[in-house]
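Trainee: need a 3D model of the sequence below.
(one chain, ligands or ions: 1)
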Amino acid sequence: MHEMTVAESLLTIILEEAAKHNAKPIGVKISCGTLNSINDEALNFAWEAITKETPCEGSSLKIEHKPLQGFCKKCNQKFIIEFSSPKCSKCNSEDFEMMADAPLLLEEIEFQTD
Ligand SMILES: [Zn+2]
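Mentor: Below you'll find the predicted structure:
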């Protein structure tokens with residue numbers, strides 16, 4: 001299961017950060033692309049299971065899905081590709097290059113402060 005692998009690598013990184021800051025993580029924000037997308041429900045489930053009895057237990061996980069972008073060769077603009085009608089949103093040209101899909105990124109870790 002893809003999401004379990006993602007949860008495992010996130011946990012490793014976050015536990016290292018938590019040790020550095022000597023603080024309990026309470027919220028995690030990640031982002032991912034469109035082609036190699038993450039299932040929110042599956043990842044939340046994996047996260048809950050894997051963080052049990054770790055300092056991350058009870059932390060919330062937010063997943064931002066970044067849209068796939070195209071670069072129009074006609075008007076030289078970046079635009080968001082709609083899969084239902086893949087064309088430039090500005091000039092309607094179908095002559096565009098697909099940009100690289102957004103990678104899976106750990107955007108932010110929120111630590112408990114007191
Ligand atoms: Zn265009």
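Trainee: give me the secondary structure label for the residue nearest to the spatial centre of the chain.
Mentor: Centroid check for the chain by C-alpha atoms, centre = their mean gives S31 as the closest residue, at 1.8 Å. Classification of S31 using DSSP: H, G, I helix; E, B strand; the rest coil returns strand.
Trainee: select the longest helix from the chain.
Mentor: Looking across the chain with DSSP state H, the single longest helix is helix 2-21.
Trainee: in it, what counts as buried?
Mentor: For helix 2-21, a neighbour-count test (16 or more other C-beta atoms under 10 Å) marks E3, V6, A7, L10, L11, I14, A18 as buried. From N, CA and C alone the C-beta is placed, and that goes for glycine too.
Trainee: per-residue pLDDT of the first one, please?
Mentor: Reading off the per-residue confidence, E3 sits at a pLDDT of 94.
Trainee: repeat for the last one
Mentor: The predicted local confidence for A18 comes out at a pLDDT of 96.
Trainee: contact partners for it?
Mentor: A18 is in contact with K24, P25, P55, C56, I109, F111, counting by C-beta atoms under 8 Å, 6 or more residues apart in numbering.
Trainee: likewise the third one?
Mentor: Shown in contact with A7 (C-beta under 8 Å, 6+ apart): L43, A46, W47, A49, I50.
Trainee: which of these fall in helices?
Mentor: When those are checked against helices (DSSP H), the matches are L43, A46, W47, A49, I50.
Trainee: burial of the first one, as a residue count?
Mentor: Same thing as L43. 21 (other C-beta atoms under 10 Å).
Trainee: that one reaches H65, doesn't it?
Mentor: No. L43 is beyond contact range of H65, at 11.5 Å (criterion: C-beta atoms under 8 Å).
Trainee: C32 pairs with what?
Mentor: H65 (DSSP bridges).
Trainee: could you do E110 as well?
Mentor: Going by DSSP bridges, E110 forms beta bridges with G27.
Trainee: mind listing what it touches?
Mentor: Contacts for E110 were tallied using C-beta under 8 Å, 6+ apart; they are P25, I26, G27, V28, K29.
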